[in-house]
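Participant: sequence? don't have it. structure:
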């Protein structure tokens, strides 16, 4: 337990830098996406450019999320935190970008699938009995717990 006070400070600093990074990225991307719609309209060219910008945004967002998650691990396991942890995680991802993106996408698909199962089986399933809905909720919780430990 004596490690926790040292680790959480490093983790908070890394989180704040990562959050600032994501915030600035989302603001810039939002301005670009909205300005492309505002200037080009919703014609064929406008939609095509919007889709290209959206794909670029999503790929950049996945990359930033990967760096963020790995930077959190680096800041806990090593004496590096903040921007230095983000730089180190960027260097660690560099050689295995395809594997990292594939794992991230698979995890996101699992999270979305569990969320949809919970929503359709617990929240919106008024016709099911209470016991079945509780069972589905517990199953979804256990699946989320299992996925989070991966």
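Facilitator: Yep, that arrived. Predicted, not measured: the structure shown is a model, and the values here were computed from it.
Participant: residue 30: neighbouring residues, count only.
Facilitator: Neighbourhood size, residue 30 [other C-beta atoms under 10 Å]: 11. For the C-beta atoms, the positions are set from N, CA and C on the backbone; glycine is no exception.
Participant: what's near enough to touch residue 15?
Facilitator: residue 72 (C-beta atoms under 8 Å, 6 or more residues apart in numbering).
Participant: let's see it at 10 Å
Facilitator: By C-beta atoms under 10 Å, 6 or more residues apart in numbering, the contact list for residue 15 reads 8, 68, 71, 72, 75, 81, 82.
Participant: now residue 19
Facilitator: By C-beta under 10 Å, 6+ apart, the contact list for residue 19 reads residue 68.
Participant: so where does it fall, helix or strand?
Facilitator: Taking DSSP states H and E as the criterion, residue 19 maps to helix 4-40.
Participant: same question for residue 62.
Facilitator: Judged by DSSP H and E, residue 62 forms part of helix 44-77.
Participant: which parts of that helix are buried?
Facilitator: Of all the residues in helix 44-77, those buried under the rule 16 or more other C-beta atoms under 10 Å are 49-50, 53, 57, 63-64, 66-72, 74-76.
Participant: circling back: which one of the contacts of residue 15 is nearest to residue 134?
Facilitator: The nearest member of the contacts of residue 15 to residue 134, counting by C-beta to C-beta, is residue 72 at 33.0 Å.
Participant: and the pLDDT for that closest one?
Facilitator: Among the per-residue scores, residue 72 holds a pLDDT of 88.
Participant: give me every residue that touches it.
Facilitator: Taking C-beta under 10 Å, 6+ apart as the test, what residue 72 contacts is 10, 11, 14, 15, 18, 81, 85, 86, 89.
Participant: make a ChimeraX selection of the buried ones in those.
Facilitator: This is the ChimeraX syntax for the buried subset of the contacts of residue 72, where burial follows 16+ other C-beta under 10 Å:
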select :10,11,14,15,18,81,85,86,89
